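> From the sequence below, what's the structure:
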Amino acid sequence: MSVEVIRGHGVPQSHLPFSPALRAGDFVFVSGQASVDDTGKIVNDSFEGEVRRSFENVQKVLAGAGLEMKQVVQVRNYVAQQSDLPEFNRIYREYFSEPYPARTTLIGCLGTLLKFEVDVVAYCPGAKR
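Predicted structure coming up:
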């Protein structure tokens, strides 16, 4: 099995040592996406703004792999404040629908710079490489 780094137009860059996403077999593993611009600079915003920017960054990375959100099978969410969970669940439903991906949500695990971060796994059987 080969491993391919996913890159593409608009995929946020990072100065940290990780790939935005890797395709391994029929799966694409997207690294944590946060409220950053295309250069990787953190964009502080309201909780809703950071969640939306993070999911939009996921969409950009998936598009670089020729995929869409409907192909996501697992989502891991990192939420700074438990009080933001109801708002998070409302926004989440705008990006995912039934059958919802498998999901884990961790609370209170981010530093002081971010309100939200997300990583996903997408399934793409037989995708052209």
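> Quick check: end-to-end length of stretch 7-27?
Chord length of stretch 7-27, first to last residue, is 15 Å (CA to CA, to the nearest Å).
> ok, and what's touching it?
For stretch 7-27, the surrounding residues in contact (CB atoms under 8 Å, 6 or more residues apart in numbering) are 1, 3-6, 28-31, 33, 36-40, 57, 60-65, 121-127, 129. Backbone N, C-alpha and C define where each C-beta goes, glycine included.
> again with stretch 100-113
42, 44, 72-82, 85, 88, 116-117, 120.
> all strands of this structure, in order?
3-5, 21-24, 27-34, 72-79, 102-107, 116-123 (DSSP state E).
> longest helix in the chain, by residue count?
helix 47-64 (DSSP state H).
> name the helices or strands packed onto that one?
For helix 47-64, the elements it packs on are strand 21-24, strand 27-34, helix 85-95, strand 116-123, judged by 3 or more CB pairs under 8 Å, 6 or more residues apart in numbering; DSSP states H and E.
> strands paired with the worst-scoring helix or strand of the chain on mean pLDDT, and their directions?
When each helix and strand of the chain is scored by mean pLDDT, DSSP states H and E, strand 3-5 comes last, with a mean of 86. Partners of strand 3-5 in the sheet, by DSSP bridges, are strand 21-24 (antiparallel).
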